[in-house]
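> Below is the structure, and that's it, no one-letter string:
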Ligand SMILES: Nc1ncnc2c1ncn2[C@@H]1O[C@H](COP(=O)(O)OP(=O)(O)OP(=O)(O)O)[C@@H](O)[C@H]1O
């Protein structure tokens, strides 16, 4: 018996000859159109009997209620496929030219390449050949509906649905997440590691960026609840304030000064603001030496919907020294930037300064109107502690140790960072809170010791001893290094490391002896 292949082989020359004749210019001219069309379609049908049947999936632009995610994913995928493809990817349909369309909007960095309607795009996945086509069809309503038609050989339905299309959707979600992620930019030509780089060729400014994976949110921040609400309202009004800013003739900008001791959450608050607004952060370190002109260029290289952060403004910018040493970057340069260029260029921009010592800032920076809002981040209160305990230990109600903790918190200054450190320790809730109580008791004791030492130093006859001078003296005299180091620790501003058994009186006596 003939096999199919043998039969095909036998009949193929006759059919081929017939079709060649039909399609030849000679036959085309002489044969009636209906006859040649009939012959070609019969040939196609006959051939189709021996080829693998095709399956076609339709992916419509709109789902029943919302847009269809698979359509969006397919569209994005085909863009990358065309962009990265070799020329074979685009196969012309008999009636359409081969090609794709290109577009670019004003603010887009790169042009976008899209498929044209009815032009076939071929993709390969494992051993499957996949044929994509963008189609349009008259809708039931007045418009047109768009859909992708995806065809492939029968038998691969599972692979296509569960692997190929699932991959495309996954990839799309990843790109979406990447695009929506808040980024933190650092201006440094030397940034290394897995950072992405951006270069503004007009101004030759380099930024390195990574996704901001800081989990801080307003809900997780321990800060004065009234202040927190006020700040959130302020940001909301800012975000929705386009019309208002236009109406009152102000540029769409906002400046915040965050101040408070180290570890009270200033950096966390900036991250929470960025996550809340979905604004990128530009972290500007002013400690380098650069000019006012550099500053201007840096500013112009940042984008809208961003937060420009200048941390530790008191330490990073010793403006007076810079002015003396004739560095060209000055305080007035920075202030001009805030008042002039920064306030008149771009939209939806926030500037944040942070400092641990508001009192050390140049009054020019604090002038009313320069920073719109001053936010004080302070030591941990009982409310703040409860919020941290709920975040770290999932305690929603009361706990038997709360009263004791409240009493201790009234007497010592503990930063939320210190509290968080204690709450992160291992053990069950009771163990961790027990540890925290011990920590607070220790702090209370240290505070008392420090006060005692100060009294001792003050009360002595005419020796008006300055605590810092005391430490310096011990060091200068190289007086038993170990003791000097202990003394320095003892006199640390936050008195964190004092051992309860330290011989305070002995040290003071020693000091006095040496001094006399
Ligand atoms: N107010 C707070 N609420 C919740 N967690 C906090 C708070 N303050 C500090 N923390 C915890 O302590 C860590 C360090 O705090 P953060 O760096 O935000 O403080 P900071 O005030 O910016 O300190 P510095 O002035 O030293 O930069 C944070 O990652 C967070 O885990």
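Now that the structure is in, tell me what you want to look at. What you see is a predicted model, and the numbers here were worked out from it, not measured in a lab.

> give me the low-pLDDT residue ranges for the stretch 351-500 of the chain?
456-500 (pLDDT under 70).

> what does it have sitting close to the ligand?
356, 377, 416, 417, 420 (C-beta under 6 Å from any ligand atom). C-beta: built from backbone N, CA, C; applies to glycine.

> And the pLDDT at residue 47?
Per-residue pLDDT puts residue 47 at 69.

> now swap in residue 60 and tell me
So residue 60 comes in at 90 (pLDDT).

> Quickly list what it is bridged to.
Beta-bridge pairing for residue 60 (DSSP bridges): residue 147.

> how near is it to residue 146?
Distance of residue 60 to residue 146, computed by C-beta to C-beta, to the nearest Å: 8 Å.

> joint contacts of those two?
residue 71 (C-beta atoms under 8 Å, 6 or more residues apart in numbering).

> Got the domain ranges for the protein?
Annotated domains of the chain cover 4-48, 55-180, 186-376, 382-515 [automatic domain parsing].

> Dihedrals phi and psi, residue 53?
When read as degrees, to the nearest 10, the backbone of residue 53 gives phi -60, psi 150.

> For burial, what's the neighbour tally of residue 376?
Residue 376 has 13 neighbours, counted by other C-beta atoms under 10 Å.

> got the contact list for it?
The neighbourhood of residue 376, defined by C-beta under 8 Å, 6+ apart, consists of 224, 227, 259, 260.

> Check residue 375 too.
Contact analysis of residue 375 by C-beta under 8 Å, 6+ apart lists 227, 231, 256, 257, 258, 259, 269.

> what does residue 161 give?
For residue 161, the contact set (C-beta under 8 Å, 6+ apart) comprises residue 57.

> now it, what's its secondary structure?
helix (DSSP: H, G, I helix; E, B strand; the rest coil).

> What distance do you get for it to residue 378?
57 Å.

> for the stretch 1-150 of the chain, what spans make up the strands?
Taking DSSP state E, counting those that start in this stretch, the strands of the stretch 1-150 of the chain run over residues 54-60, 90-91, 100-103, 112-115, 120-125, 128-138, 144-153.

> looking at those strands, which is closest to the ligand?
strand 112-115 (39.3 Å; C-beta to the nearest ligand atom).

> Of all the residues in the stretch of helix or strand residue 431 belongs to, which ones are buried?
Per DSSP states H and E: residue 431 is located in helix 429-459. Judged by neighbour count (16 or more other C-beta atoms under 10 Å), helix 429-459 contains these buried residues: 432-433, 436-437, 439-440, 443, 446-447, 449-450, 453, 457.

> same for that helix, what does it pack against?
helix 382-393, helix 402-411, helix 416-423, helix 467-476, helix 481-490, helix 504-515 (3 or more C-beta pairs under 8 Å, 6 or more residues apart in numbering; DSSP states H and E).

> What angle do helix 416-423 and it make with each other?
Interaxial angle, helix 429-459 versus helix 416-423 (axes from the mean of the first three to the mean of the last three C-alpha atoms, to 10 degrees): 130 degrees.

> what does the stretch 101-250 of the chain put close to the ligand?
Residues of the stretch 101-250 of the chain lying near the ligand by C-beta under 6 Å from any ligand atom: 221, 222, 223.

> Output the residues you listed as JSON lines; include the columns neighbour count.
As requested, these are exported to JSON lines (neighbours: other C-beta atoms under 10 Å):
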{"residue": "221", "neighbour count": "20"}
{"residue": "222", "neighbour count": "25"}
{"residue": "223", "neighbour count": "25"}
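
> Just give me the closest of the residues you listed to residue 118.
Nearest to residue 118 among those: residue 221, at 54.7 Å, using C-beta to C-beta.

> Isn't the closest one up against residue 265?
Yes. Using C-beta atoms under 8 Å, residue 221 makes contact with residue 265 at a distance of 5.9 Å.

> quick one: pLDDT of the residue of the chain found nearest the ligand?
Among all residues of the chain, residue 265 sits closest to the ligand, at 2.8 Å; criterion: C-beta to the nearest ligand atom. Per-residue confidence at residue 265 stands at 94 (pLDDT).

> correct me, but it touches residue 223?
Yes. Counting by C-beta under 8 Å, residue 223 is a contact partner of residue 265 at 6.3 Å.

> intersection of neighbour lists for the two?
With C-beta under 8 Å, 6+ apart, residue 265 and residue 223 have common neighbours residue 377.
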